[in-house]
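# Please work out how this folds:
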Amino acid sequence: MALVSLTLSVVCAHDGFAQTPQVPSEVREQRAFFDFLVGEWTIEKSQTPTGTTAGGNDRYKFRKALDSGGIFADWYFNRGSKEKPDYTNAIYISGFDNSAKTWTFYYVSEKSAQLYEGRNENGQWLFYRKFTVNGEELLQRQSWMAKDGSTLLRKIENSKDAGKTWVLGALITLKRKS
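I've put the predicted structure just below:
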């Protein structure tokens with residue numbers, strides 16, 4: 001009888017360790033929020049305060065990581081202008097924290113490394129970071145939106161008054177590469 005009791009205790013303990021905790025549906029939904037990014041994209045056009053330019057040789061390649069809790073990407077894009085191109089390679093790593101229920105992203109290139117904190121505002125994730133440009137503090141926010149299955153919008157806005165007002169930095173339209 002003692003052997004049966006010991007065996008049942010070991011089996012029950014083992015089953016307890018083997019169980020995967022149930023992830024709440026809210027967390028599962030948020031972890032999959034950016035799945036629309038997955039794929040390879042090229043810039044169709046970029047709208048800035050100085051005008052609209054057609055896309056060039058830019059490319060963004062996103063892939064899922066960690067059961068949709070993360071996104072990895074390789075970027076190759078022009079930081080300059082069409083007349084004076086300044087192409088750079090970069091990596092983008094985005095992740096969802098189940099306990100804090102927030103997304104963040106980290107951008108790394110040959111020229112900089114930047115951490116952006118995510119905030120879910122009215123069902124849309126916006127990513128914020130403070131910069132100092134020419135001695136002036138600037139708050140930047142960025143977002144990614146799927147326009148349709150083959151069109152992606154990346155919006156970058158800047159604020160010089162801590163987020164009271166925003167000025168468009170760029171609205172970039174990307175097309176999915178087939």
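
# Okay, now the unreliable bits of the protein?
Where the chain drops to pLDDT under 70, the residues are 1-21.

# Where is the longest strand in it?
strand 136-148 (DSSP state E).

# Pull the residues that contact stretch 31-51.
23, 52-56, 58-64, 67-69, 71, 73, 77, 94, 96, 98, 103, 125, 144, 146, 151-152, 167-177 (CB atoms under 8 Å, 6 or more residues apart in numbering). Quick note: C-beta positions are derived from backbone N, CA and C, even for glycine.

# on that earlier part again, and the contacts of the longest strand of the chain?
34, 36-37, 116, 124-132, 152-160, 162-163, 166, 169, 173.

# Selection in PyMOL covering whichever of those residues are buried, please.
Buried subset of those, written as a PyMOL selection, criterion 16 or more other CB atoms under 10 Å:
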select buried, resi 34+36+37+116+125+126+127+152+154+155+156+157+158+159+169+173
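
# Show me what Tyr92 is bridged to.
Bridge pairing for Tyr92 (DSSP bridges) gives the partners Ala73, Tyr107.

# my guess is it contacts Tyr107, does it?
Yes: using CB atoms under 8 Å, Tyr92 is in contact with Tyr107, at 5.5 Å.

# That's all I had, so thanks and see you.
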